[in-house]
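1. Using only what follows, build the 3D model:
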Amino acid sequence: MKSPAKVPPFPQSAVAADIDAVISAHARDLSEKLQAHRLELFPPTAEKTLRAFQASEAAKLLGVNSGYLRNLALDGKGPSPLVTPSGRRSYTAEQLQDLRRYLDASGRSSKRYLPCRRGEEPLQVIAVVNFKGGSGKTTTAAHLAQHLALRGHRVLAVDLDPQASLSSLHGFQPEFDVGANETLYAAIRYDEQRRPLREVIQKTNFPGLDIVPANIELMEFEYDTPRILAMRGGVTQDRLFFARTEEALAEVSGDYDVVIIDCPPQLGYLTMSALCTATALLVTVHPQMLDVMSMCQFLLMMGDVLGHLKNAGGNMGYDWLRYLITRYEPSDGPQTQMVSFLRSLFGQHVLINPMVKSVAISDAGITKQTLYEVERRQFTPSTYDRAMECLDAVNGEIEQLIHAAWGRR
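-> Residues are numbered from 1 along each chain as shown. Model prediction:
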């Protein structure tokens with residue numbers, strides 16, 4: 001019998017003595033390669049742009065029919081669309097906003113095409129949370145923020161994850177584009193270097209969508225908070241630690257309708273501050289047994305933490321809590337059974353529409369794009385249409401929850 005080949009011994013001593021240096025070197029090498037790849041895709045002078053939207057897409061986003069848009073263009077009313085030699089019409093995202101303003105001003109109907117909050121309607125803050133990586137949390141947050149912006153809302157995306165995936169999707173490479181004191185940490189830190197949130201907000205390539213980018217600096221809040229609490233007996237000089245994010249957002253609340261917070265995949269001080277700021281919770285869950293078991297532990301921990309924060313004076317008044325089924329494969333029997341199990345258990349707290357697993361979304365992510373940014377012709381039409389249909393259904397359902405919280409029909 002042939003003896004198995006011997007595996008050469010791992011050079012334990014060479015690594016163990018300088019593991020910090022080895023990891024730091026790996027990080028530098030990887031960062032340089034990613035930067036080179038990024039410069040290859042987007043030169044230093046280039047800015048991330050956004051494609052134009054076909055007339056049918058524009059009509060759907062506006063809530064009118066394509067024929068009405070065509071007649072507007074023929075009559076020379078509203079912004080002039082881009083027209084190809086073959087006669088195809090399309091509109092930029094900026095023109096969509098112009099169309100909304102035109103439709104509101106024209107008094108075409110009692111419907112409001114600019115859905116910005118009015119009167120006493122409160123700022124909606126949605127925290128997207130999950131304890132386990134791979135549940136589609138950041139992808140969900142990015143597409144939700146972009147959908148709401150394309151629908152005419154004024155949106156602020158807050159990347160609260162030190163891994164900064166949401167920032168990367170919007171063109172910000174954390175170690176190169178986000179400097180010191182340029183994350184949310186700048187607005188919630190405890191020392192004299194604290195800055196107004198308005199100073200760290202960045203524009204994105206989506207009109208109506210701004211972002212507070214992230215990088216590893218956010219971890220400073222996780223280190224600072226226990227030290228400050230120990231020094232001051234659990235209370236800061238001004239407010240409790242979990243109220244700091246809410247206070248920061250209050251400075252810019254008049255500029256936005258909805259805030260989307262992409263929380264880190266852990267129940268630390270950053271996540272706790274988001275939970276106390278949020279008016280709604282969106283929990284992503286992949287319908288696999290290990291993921292659901294992990295979510296069970298997360299919910300047990302979160303319930304306990306929320307109870308303590310509530311007793312300490314934290315704001316726990318949520319308008320809604322929903323579970324979103326993500327990366328769902330309808331042809332997978334065990335997944336379908338798990339979805340049925342979750343629906344029977346949580347009832348209306350599970351969103352009606354699941355988000356299917358999509359090659360189109362995964363492939364778009366390779367170039368740091370979302371499905372709203374890529375052209376349909378880059379994919380098999382049926383694959384793209386299926387993914388877009390699911391996105392629109394999920395995000396539309398969440399948009400209805402937002403409007404219901406404002407008391408709208």
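2. which stretches of the stretch 301-409 of the chain form strands?
-> Using DSSP state E, counting those that start in this stretch, the strands of the stretch 301-409 of the chain run over 320-325.
3. try the chain
-> Here the chain has its strands, by DSSP state E, at 53-54, 82-83, 89-91, 124-129, 155-159, 202-203, 209-212, 258-262, 280-285, 320-325.
4. lowest-confidence stretch among those strands?
-> Comparing mean pLDDT over the strands of the chain, the weakest stretch is strand 82-83, at a mean of 90.
5. Tell me the gap between it and the middle of its chain.
-> Centroid separation for strand 82-83 versus its chain: 31 Å, with CA atoms, centre = their mean, to the nearest Å.
6. which residues does Val158 bridge with?
-> Assessed by DSSP bridges, Val158 has beta-bridge partners Val212, Ile261.
7. Output stretch 220-231 as PDB, restricted to C-alpha atoms.
-> What follows is stretch 220-231, C-alpha atoms only, in PDB (Å, rounded to 0.1, in the frame of the first residue of the first chain):
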ATOM      1  CA  GLU A 220     -11.800  53.400  17.400                       C
ATOM      2  CA  PHE A 221     -15.300  53.800  18.700                       C
ATOM      3  CA  GLU A 222     -15.300  50.200  19.900                       C
ATOM      4  CA  TYR A 223     -12.100  50.800  21.800                       C
ATOM      5  CA  ASP A 224     -13.000  54.300  23.100                       C
ATOM      6  CA  THR A 225     -16.400  53.600  24.500                       C
ATOM      7  CA  PRO A 226     -15.600  51.000  27.200                       C
ATOM      8  CA  ARG A 227     -12.800  53.200  28.400                       C
ATOM      9  CA  ILE A 228     -15.000  56.300  28.500                       C
ATOM     10  CA  LEU A 229     -17.700  54.400  30.300                       C
ATOM     11  CA  ALA A 230     -15.300  53.100  32.900                       C
ATOM     12  CA  MET A 231     -13.900  56.600  33.500                       C
END
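8. re the thing from before, what about the strands of the chain, which gets the closest to Leu144?
-> Nearest to Leu144, of all the strands of the chain, is strand 258-262, at 5.8 Å by CB to CB. C-betas here are computed from N, CA, C, even on glycine.
9. Turn the strands of the chain into JSON lines, including distance to Gln378 and mean neighbour count.
-> Shown next, in JSON lines, are the strands of the chain (distance: least, CB to CB, whole Å; neighbours: other CB atoms under 10 Å):
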{"stretch": "strand 53-54", "distance to Gln378": "14", "mean neighbour count": "20"}
{"stretch": "strand 82-83", "distance to Gln378": "19", "mean neighbour count": "14"}
{"stretch": "strand 89-91", "distance to Gln378": "16", "mean neighbour count": "20"}
{"stretch": "strand 124-129", "distance to Gln378": "27", "mean neighbour count": "26"}
{"stretch": "strand 155-159", "distance to Gln378": "24", "mean neighbour count": "28"}
{"stretch": "strand 202-203", "distance to Gln378": "25", "mean neighbour count": "14"}
{"stretch": "strand 209-212", "distance to Gln378": "22", "mean neighbour count": "25"}
{"stretch": "strand 258-262", "distance to Gln378": "25", "mean neighbour count": "28"}
{"stretch": "strand 280-285", "distance to Gln378": "26", "mean neighbour count": "24"}
{"stretch": "strand 320-325", "distance to Gln378": "26", "mean neighbour count": "19"}
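10. Kindly reformat the ones you listed as JSON lines containing distance to Ala141.
-> Formatted as JSON lines, these follow (distance: least, CB to CB, whole Å):
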{"stretch": "strand 53-54", "distance to Ala141": "22"}
{"stretch": "strand 82-83", "distance to Ala141": "30"}
{"stretch": "strand 89-91", "distance to Ala141": "26"}
{"stretch": "strand 124-129", "distance to Ala141": "4"}
{"stretch": "strand 155-159", "distance to Ala141": "7"}
{"stretch": "strand 202-203", "distance to Ala141": "16"}
{"stretch": "strand 209-212", "distance to Ala141": "11"}
{"stretch": "strand 258-262", "distance to Ala141": "4"}
{"stretch": "strand 280-285", "distance to Ala141": "8"}
{"stretch": "strand 320-325", "distance to Ala141": "11"}
